[in-house]
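**Student:** build me a model:
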Amino acid sequence: MRAPKPQFHPVATAFAAALLSAALAAAPLAAQSPAEPPDDMEALFSELAADGEGWMRAQSDIERAWSRSGSAALDLLLMRGESALDAGDTAAAIGHLTALTDHAPDFAAGWAARAAAFQMAGQTGPAMADLARALQLEPRHWPSITLLAAILEDSGDSARALAAYRESLGVNPHQPDAQDGAARLSAPVGQGV
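**Tutor:** As a prediction, this is how the structure comes out:
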């Protein structure tokens, strides 16, 4: 004996779809402001700039604070975008990170991550626009400043690239990529580094 095939009423189906859509739109992906930074952010930046042993902890604490959007769902989009970027899937990374920036336009980490994805995809214009937004939201976001410096260096703008590397090192002097870039561009013409 066969079980009767379930019958779905078109109005009920449409109503359920509308409820689901409204719930998804209103719930975790609603536009939110980034999580409030820790009260000791200034102390962390001071420790980061120091030569002592605490700079690694300060760097980690700052990066952790930057990665919190205030929404678990949005943080998941950031993680998925970064994972796709690490796997070399720039299209998926850009997709996840575009959803993130659409829903959290004041979240600097989302713009910075999408800038890296655009740059990896060879889309320098969109990368520069996203870097500008990230740095507008968080002027001390050293990964964005360093990426900006690298883009400027690749485009042949050595003077501005060197200035950007130095600015990034002024925020976080413990970045090998920025150190190498500044050294490379500071070397006298004709000398290798």
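**Student:** OK, contacts around Leu169?
**Tutor:** Shown in contact with Leu169 (CB atoms under 8 Å, 6 or more residues apart in numbering): Gln175, Ala178, Gln179, Ala182. Using the backbone N, CA and C atoms, a C-beta is placed for each residue, glycine as well.
**Student:** and the one helix or strand it maps to, average pLDDT?
**Tutor:** Element membership for Leu169 (DSSP states H and E) is helix 158-171. Average pLDDT, helix 158-171: 97.
**Student:** before we move on, the earlier item: filter the contacts of Leu169 down to the buried ones.
**Tutor:** Buried residues within those, counting neighbours by 16 or more other CB atoms under 10 Å: Gln175, Ala178, Ala182.
**Student:** distance of Leu162 from Ala149?
**Tutor:** 8 Å (CB to CB, to the nearest Å).
**Student:** any shared contact partners between the two?
**Tutor:** Joint contacts of Leu162 and Ala149 (CB under 8 Å, 6+ apart) are Gly181.
**Student:** the two: who's more crowded?
**Tutor:** Using other CB atoms under 10 Å as the criterion, Leu162 and Ala149 rank with Ala149 on top: 26 against 19.
**Student:** who's in contact with the more buried one?
**Tutor:** So Ala149 contacts Ala161, Leu162, Ala164, Tyr165, Ser168, Ala178, Gly181 (CB under 8 Å, 6+ apart).
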